[in-house]
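J.: Quick one, fold the following:
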Amino acid sequence: MSNAVETRAFEAEVSQVLHLVTHSLYSHKEIFLRELVSNASDACDKLRFAALSDASLTADDAELRIEVSWDKDARTLTIRDNGVGMSRDEVVENIGTIARSGTRRFLESLSGDARKDTQLIGQFGVGFYSAFIVADRVTLVTRKAGAPAGEGVRWESGGSGDYTLETVDEPRRGTTVTLHLKDDESEFLDGWRLRELIKRYSDHVAFPIRLPVEKDGKPSGEFETVNHAAALWTRPKGEIKDEEYQAFYKSLSHDFNDALAWAHNRVEGSQSYTSLLYVPEKQPFDAVFSGRDERHGLKLYIRRVFIMDASEQLLPAYLRFVRGVVDSDDLPLNVSREILQENRLVAQIRSACVKRTLDLLEKIAKDEPAKYQQFTNAFGNVLKEGVAEDGANRERVARLLRFASTHGDDAQKNVSLDDYIGRMQAGQDVIWYVTADTHAAAKGSPQIESLRARGVEVLLLSDRIDEWMIGYLGEYAGKKLRNAAKGEIDAADGAEAEQRKQAEEAAKPMLDKLAGVLQGRVEQVRVSHRLTGSPSCIVLGEYDMALHMQRLLREAGHEVPASKPVLEVNPAHPLVQRFADEADAVRSADLGELLLEEAQLAAGDQLADPAAFIARMNRLLVA
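T.: Take a look at the predicted model:
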């Protein structure tokens, strides 16, 4: 017996998604079937796992399956599963309120390109709403496994601003989704078309997907399985085509792009398990916006039974972009997250998955450099986290990183540390680098002028993570990494040392004068051996944080220890000479301040008083 129908309004963000889906997203519209079948598969997976501890949940209908049927006369398409089902509260939470699953990030990610935007469906927990691409009304009837028949729930919406909800009698557990198709979507009332879509998008769903057998051009009451209904990773590698691997990846990841590469391995012996690991071609949106706290990279199965999304146990955070499955024969089926964290077998699987992922990346880097460049453009910054987080594999991870450098004229990040070492000058035992806010700032950094003049290659690090990452990478292949903007740049001996000493003595009156102007603001003023074309630069201590990072931390509300930088000047530069010769006290002070402020700006620091800087510049320009 049905209760009164309750009408509820969607949340504002849900209404935005519904409007977008209904009116804007038409490319790849068949995506809706993949999403609804995927949801049904997840429901079956959850019930199979729950039944391990409560067999009564499946006692009345033990064969988990998905059925797709259609009615040309009623113009309806129905997707039904006998999985875990939902309670009334779960229906409201999962369908009426989806802001928690990333809807705002989804909306912010839209580009206005319908083809690209359609590909975001499913990656933010909004896959159910793809039904409204082809339907003007959707009805969902569900009953949670283990609940009495009288606790069924019926949900319906026309994809506008509200939906109806009522409690109904539902004799079967699971969920039935009925799409009332739009007038121009008759292709989805054709059995051959539905069969083709299921084979393309859902062939490797591990549950039978059944369609009615057609008789006299109409669906009968008899059903047949149209997918493999077997986990792809359990099949021998030699029997699986590349197209099948790619189809499984897309089904697994909700990604329209192909995977960049994959590794499929079966381990036998004291521990038996299968792993199928994919490296995406492009960064999935959930990885971009969810960040480190919401990782969904690998799915854990035990003897083909889905257990959990467990990437934090099976792969470290810096490999969170990897998608795939691990299926173990040895772990207990009643495993919990706490047991996983302490389990020796899981630690061994994790170590092997890390090794296979790094092996795969090394193979791509060696054999397909253009493809590897595509990978580093998408995931290079994530991989850099491994330098700090994975001490055991630090050098392997560092070998995989790519950077921009002064070798070449563009900003392409395609220089490896091995490339750099292979081009080092005779007698050079240091890998030089400089960090900055942008590639242009790093490339134009005054601190690297003398190195460039001598033909010494410098790595140009301009990603925000670089300053943090490089602090953990003190050396590579026996070569120390040094920041060209910190400490003394090099030593001199013989005639060169004597020339430097004479230059410093000749510049001493100018240095004393400048130190007086900048008293209290710098630790020291000295002659620079870094500069060839710029008048001045900031130099930090070996262990000081770069000025642009100090600024970013302050802007984020963090306290940064106070420290005074060293100001180096180029006595041969006309601006420094003008300061040295200037007799007017006001202009002399302006020039001295300007030498410091120019150096601060070049180093990525923020001026304490920009208005005073502008006024000072104006006075000097019109003087």
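
J.: can you give me the helices in the stretch 1-150 of the chain?
T.: Here the stretch 1-150 of the chain has its helices, by DSSP state H, counting those that start in this stretch, at 12-23, 31-50, 88-91, 103-109, 114-118.

J.: From residue 34, how far out is the nearest residue to residue 36 once chain neighbours are set aside?
T.: In space, and not counting its chain neighbours, residue 36 is closest to residue 79: 4.6 Å by Cβ to Cβ, 6 or more residues apart in numbering. (C-beta placed from N, C-alpha, C; glycine too.) From residue 79 over to residue 34 the distance is 11 Å, taken as Cβ to Cβ, to the nearest Å.

J.: Same question for residue 140.
T.: 18 Å.

J.: The two: which is more packed in?
T.: Shown here are residue 140 and residue 34; by other Cβ atoms under 10 Å, residue 34 has more neighbours (24 against 21).

J.: my guess is the more buried one contacts residue 204, does it?
T.: No: assessed by Cβ atoms under 8 Å, residue 34 is found out of contact with residue 204, at 11.8 Å.

J.: where do the contact lists of these two overlap?
T.: Counting by Cβ atoms under 8 Å, 6 or more residues apart in numbering, the contacts common to residue 34 and residue 204 are residue 251.

J.: Residue 301 touches residue 325, doesn't it?
T.: Yes: using Cβ under 8 Å as the test, residue 301 is close enough to residue 325 to be in contact (6.0 Å).

J.: tell me how far the helix ranked longest in the chain is from the chain's mean position?
T.: In the chain, assigned by DSSP state H, the helix with the most residues is helix 344-367. Centroid separation for helix 344-367 versus its chain: 19 Å, with Cα atoms, centre = their mean, to the nearest Å.

J.: next structured bit after that helix?
T.: helix 369-389 (DSSP states H and E).

J.: Residues touching that next one, excluding its own?
T.: Defining contact as Cβ under 8 Å, 6+ apart, one finds that helix 369-389 is touched by 260-261, 279-283, 287, 316-321, 361, 364-365, 393-394, 397-398, 400-402, 412-414, 463, 465-466, 468-469, 471-473.

J.: Then stretch 394-405?
T.: Contacts for stretch 394-405 (Cβ under 8 Å, 6+ apart): 318, 358, 361-362, 365, 372-373, 376, 380, 383-384, 386-387, 390, 410-418, 420, 433, 439, 442-443, 457-462, 472-473, 476-477.

J.: now those: which count as buried?
T.: 318, 358, 361, 365, 372-373, 376, 380, 383-384, 386-387, 390, 413-417, 420, 433, 439, 442-443, 457-462, 473, 476 (16 or more other Cβ atoms under 10 Å).

J.: quick revisit: list only buried entries from the contacts of helix 369-389.
T.: 260-261, 279-282, 287, 316-321, 361, 364-365, 393-394, 397-398, 400-402, 413-414, 463, 465-466, 468-469, 473.

J.: which residues of the stretch 351-500 of the chain score low on pLDDT?
T.: Judged against pLDDT under 70, the low-scoring parts of the stretch 351-500 of the chain cover residues 409-411, 490-495.

J.: next one: the stretch 1-150 of the chain
T.: Ranges of the stretch 1-150 of the chain meeting pLDDT under 70: 1-3, 11-28, 96-127.

J.: Quick one: distance of stretch 133-146 to the chain centre.
T.: 32 Å.

J.: in terms of contact, does residue 479 touch residue 431 like I think?
T.: Yes: under the criterion of Cβ under 8 Å, residue 479 makes contact with residue 431 at 5.0 Å.

J.: Looking at the two, which has the bigger crowd around it?
T.: residue 431 (20 against 15).

J.: The more buried one: which element?
T.: Secondary structure (DSSP H and E) places residue 431 in strand 430-435.

J.: Can you give the contact residues for that strand?
T.: Contacts for strand 430-435 (Cβ under 8 Å, 6+ apart): 403, 417, 420-421, 424, 442, 445, 447-448, 451, 456-462, 466-467, 470, 476, 479-485, 546, 548-549.

J.: I figured residue 359 was touching residue 263, is that so?
T.: Yes: Residue 359 lies in contact with residue 263 (Cβ under 8 Å); the separation is 7.2 Å.

J.: the more surrounded of these two?
T.: Using other Cβ under 10 Å, the more surrounded residue of residue 359 and residue 263 is residue 263, with 18 against 13.

J.: Only alpha carbons, please: show stretch 236-248 as CSV.
T.: The C-alpha trace of stretch 236-248 is given here as CSV (Å, rounded to 0.1, in the frame of the first residue of the first chain):
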residue,chain,number,x,y,z
PRO,A,236,45.1,-14.7,-19.7
LYS,A,237,46.9,-11.6,-21.1
GLY,A,238,47.4,-13.3,-24.4
GLU,A,239,43.7,-13.6,-25.0
ILE,A,240,42.9,-9.9,-24.3
LYS,A,241,43.0,-7.4,-27.1
ASP,A,242,44.2,-3.8,-26.6
GLU,A,243,40.7,-2.6,-27.4
GLU,A,244,39.3,-4.8,-24.6
TYR,A,245,41.9,-3.3,-22.1
GLN,A,246,40.9,0.2,-23.2
ALA,A,247,37.2,-0.6,-22.9
PHE,A,248,37.7,-1.9,-19.4
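
J.: who's in contact with it?
T.: In contact with stretch 236-248 (Cβ under 8 Å, 6+ apart) are residues 200-201, 203-204, 232, 258-259, 262, 264, 276.

J.: mind listing what's buried in it?
T.: 240, 245-248.

J.: what do you get for stretch 161-170?
T.: For stretch 161-170, by 16+ other Cβ under 10 Å, it's 163, 165-168, 170.

J.: what would those look like in CSV with distance to residue 567 and pLDDT?
T.: What follows is the buried residues of stretch 161-170, written out as CSV (distance: Cβ to Cβ, whole Å; pLDDT from 0 to 100):
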residue, distance to residue 567, pLDDT
163, 66, 88
165, 70, 94
166, 75, 95
167, 76, 96
168, 78, 96
170, 77, 96
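
J.: so which of these comes closest to residue 522?
T.: Lowest distance from residue 522 to the buried residues of stretch 161-170 (Cβ to Cβ) belongs to residue 163, with 65.8 Å.

J.: Three-state assignment for the closest residue to residue 157 other than its chain neighbours, please.
T.: Distances taken as Cβ to Cβ, 6+ apart place residue 163 nearest to residue 157, at 3.7 Å, with adjacent residues excluded. At residue 163 the chain is in strand, as set by DSSP: H, G, I helix; E, B strand; the rest coil.

J.: for residue 300, same thing?
T.: Strictly by three-state DSSP, residue 300 counts as strand.

J.: List the residues that contact it.
T.: So residue 300 contacts 306-310, 313-314, 325-328, 340 (Cβ under 8 Å, 6+ apart).

J.: quick one: least confident of those?
T.: The member of these with the lowest pLDDT is residue 310, at 62.

J.: what about residue 201, helix or strand, and which?
T.: In this assignment (DSSP H and E), residue 201 forms part of helix 191-202.

J.: okay, the angle between the helix or strand following that helix and helix 31-50?
T.: Moving toward the C-terminus from helix 191-202, the next helix or strand (DSSP H and E) is strand 209-215. With axes from the mean of the first three to the mean of the last three Cα atoms, to 10 degrees defining the directions, strand 209-215 sits at 120 degrees from helix 31-50.

J.: give me the number of residues near the nearest residue to residue 133 once chain neighbours are set aside?
T.: Using Cβ to Cβ, 6+ apart and skipping residues adjacent in sequence, the residue nearest residue 133 is residue 29, 4.7 Å away. By other Cβ under 10 Å, the residues close to residue 29 number 16.

J.: Residue 132 is in contact with residue 29, correct?
T.: No: the criterion here is Cβ under 8 Å, and residue 29 misses it with residue 132 at 10.5 Å.

J.: for residue 414, what are its contacts?
T.: Neighbouring residues of residue 414 by Cβ under 8 Å, 6+ apart: 369, 373, 376, 402.

J.: Now tabulate those in JSON lines and tack on distance to residue 222.
T.: Below are the contacts of residue 414 laid out as JSON lines (distance: Cβ to Cβ, whole Å):
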{"residue": "369", "distance to residue 222": "54"}
{"residue": "373", "distance to residue 222": "53"}
{"residue": "376", "distance to residue 222": "53"}
{"residue": "402", "distance to residue 222": "57"}
